[in-house]
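Student: Here you go, sequence then predicted model.
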2 protein chains.
Amino acid sequence: MSEKPASPKSEKILDAAEKLFALHGYDGVTLRQIATTAGVDVALANYHFGRKLALFSAVFERRAAHLNEARRSALRACQANAGEGGPSVEQIIEAFLRPLELAQETGDAGWQHYLALVAYINNSPYWGQRMMSRLFDELVLEFIDALRQALPGAADRDLFWCYHNLSGALTLTLAQTGRIDTLSQGKCLSSDLQAAYDRMIPFMAAGFREVCMKS
Amino acid sequence: MSEKPASPKSEKILDAAEKLFALHGYDGVTLRQIATTAGVDVALANYHFGRKLALFSAVFERRAAHLNEARRSALRACQANAGEGGPSVEQIIEAFLRPLELAQETGDAGWQHYLALVAYINNSPYWGQRMMSRLFDELVLEFIDALRQALPGAADRDLFWCYHNLSGALTLTLAQTGRIDTLSQGKCLSSDLQAAYDRMIPFMAAGFREVCMKS
DNA sequence: TTGTTAATTCAACACATGTTGAATATTCTT
DNA sequence: AAGAATATTCAACATGTGTTGAATTAACAA
């Protein structure tokens, strides 16, 4: 839970690895590239984190708890503010998404890279199932519980498939590939997170309602 | 346009590369793994396709035209069947998605792998912008034109952001990571494409309407 | 059949990779 | 300030990498 003091250079390594893994994936990055970017000798990564895979995991885990906290407290807050029947679908989805927007907007590039890394892992057939569940399933299930309450009578299968749609759209947003920029000829920018989230929230809420309340 | 005759083993190489690149990404695969999987010597890939990157591109391009044809004719068909005002949002999205479901359901594993590779590339900050536009933008813009007509008064920015949401959900579906399987404890399966597309179509249609017709 | 071209394998090079153990520098404790 | 523990670098290893040119086989034309 609490942050280890950790040597200053060991966090430089994590920062560099975070950035490079997010851009090129696990196999697309060499320890020497990481070391060079961090301004450090190659052997130091091994001293602090062990094998390359352990460094990859360390990067992935470093900010996970913090992110989960932010999202969980956003959910709690919107539940506290809501009346009898609990928060609306929009409010729940907003609580799920806004902490990400905030994390990306702090100007701290680290969070940008981290979330792009999560996107890479989430979309990878090799890493996805392997790494996402352990850190994120518990929180996601809390959100789905809240959605189930806001959508009375919804079938579980529908709820999970709708979450899958939300997760996919979010993943592509976090990846910030720049594809929408060229496709739209500059009318939309991958880096304009507010524009993305402002539309994603009503979009997803309408989708959930359409699929889960078709009774 | 027309298929080169091509030696039998050169397609074995493409098949093997397709499968492995889809699972592990460009850097996660070695030419020797590809050659072994194809039952062929390492040097043969070089003889047929040149450098590793050219092989990667060849795999990516092999099925692109075929896929675009299928989607385009699905769009044309639904436009022909529609009345005065053109097809509905649902019909357009269905034309966009069903050819993928069909391609994946032929039992031909090649299409499964290919579409997972497209998902990998589309979600990659490094490859995404670089490789997707040239092959797919033209067709995607045709679909967005059709949607613009079905959603009178929609702002371009809204249309493109909505397409971004659709593209993201689709990408995660094509990747078939298996994450939804564990998250839902088996209630949903990544491999159950019909279940995925059946819900994706009304979900996305409702989202488009909500965001693009909020006048 | 014979000569020609395309397809495939063989052998190997030059270089990059993850990893390790010893050597050096830095920080902390007392 | 001396000594111990931690942090960092140095040098190098075994192995794996993409790539290449020569050698061999298969397909084909005359």
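Tutor: Yep, that arrived. Numbers count the residues shown, from 1 in each chain, chains lettered A, B, ... in the order given.

Student: Look at A:Glu3 and report its pLDDT.
Tutor: Per-residue pLDDT puts A:Glu3 at 44.

Student: for the one 3 residues further on, same thing?
Tutor: If you check A:Ala6, the pLDDT there is 74.

Student: my read: A:Ala77 touches A:Ala95, true?
Tutor: Yes - shown here, A:Ala77 and A:Ala95 form a contact pair, counting by Cβ atoms under 8 Å, at 7.2 Å. Every C-beta, even on glycine, is put in place using the N, C-alpha and C of the backbone.

Student: what about the two, which has more around it?
Tutor: A:Ala95 (22 against 13; other Cβ atoms under 10 Å in any protein chain shown).

Student: thought the more buried one was touching A:Asn81?
Tutor: No - proximity of A:Ala95 to A:Asn81 does not meet the contact threshold set by Cβ under 8 Å, at 10.3 Å.

Student: joint contacts of those two?
Tutor: A:Pro87 (Cβ atoms under 8 Å, 6 or more residues apart in numbering or on different chains).

Student: what's around the closest residue to A:Gly25 other than its chain neighbours, how many residues?
Tutor: Once flanking residues are discounted, A:Gly25 sits nearest to B:Gly25: 5.2 Å by Cβ to Cβ, 6 or more residues apart in numbering or on different chains. By other Cβ under 10 Å, the residues close to B:Gly25 number 26.

Student: max-length helix in chain A?
Tutor: Longest among the helix segments of chain A by residue count, using DSSP state H, is helix A:128-150.

Student: avg pLDDT for that one?
Tutor: Rounded mean pLDDT across helix A:128-150 is 97.

Student: Spit out the contact partners of A:Leu67.
Tutor: Shown in contact with A:Leu67 (Cβ under 8 Å, 6+ apart): A:Pro99, A:Leu100, A:Ala103.

Student: Confirm for me that the second one is in contact with A:Gln176.
Tutor: No - taking Cβ under 8 Å as the definition, A:Leu100 is not a contact partner of A:Gln176, at 11.8 Å.

Student: quick one on the thing from earlier: need the buried ones from the contacts of A:Leu67 selected in ChimeraX.
Tutor: Only the buried entries of the contacts of A:Leu67 go into this ChimeraX selection, using 16 or more other Cβ atoms under 10 Å in any protein chain shown:
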select /A:99,100,103
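
Student: worst-scoring helix or strand of chain A, pLDDT-wise?
Tutor: Counting by mean pLDDT, DSSP states H and E, chain A has its least confident helix or strand at helix A:89-105, which shows a mean of 93.

Student: Taking their axis directions, it and helix A:128-150 sit at what angle?
Tutor: With axes from the mean of the first three to the mean of the last three Cα atoms, to 10 degrees as the basis, helix A:89-105 and helix A:128-150 are set at 140 degrees to each other.

Student: hang on, the earlier thing: thinking in terms of the whole chain, how far from its middle is the longest helix of chain A?
Tutor: 12 Å (Cα atoms, centre = their mean, to the nearest Å).

Student: Can you tell me which residues in chain A are near DNA strand D?
Tutor: Neighbours of DNA strand D within chain A, by Cβ under 7 Å from any atom of the strand: A:6-10, A:39-44, A:47-48.

Student: Can you tell me which of these lies closest to chain B?
Tutor: Proximity of those to chain B (Cβ to the nearest Cβ) peaks at A:Val42, which lies at 18.4 Å.

Student: and that closest one, what does it touch?
Tutor: Counting by Cβ under 8 Å, 6+ apart, A:Val42 makes contact with A:Leu31, A:Arg32, A:Ala35.

Student: Out of the residues you listed, who's the most crowded?
Tutor: A:Ala35 (21 neighbours).

Student: what's the helix or strand for that one?
Tutor: helix A:31-38 (DSSP states H and E).

Student: Appreciated, that's everything.
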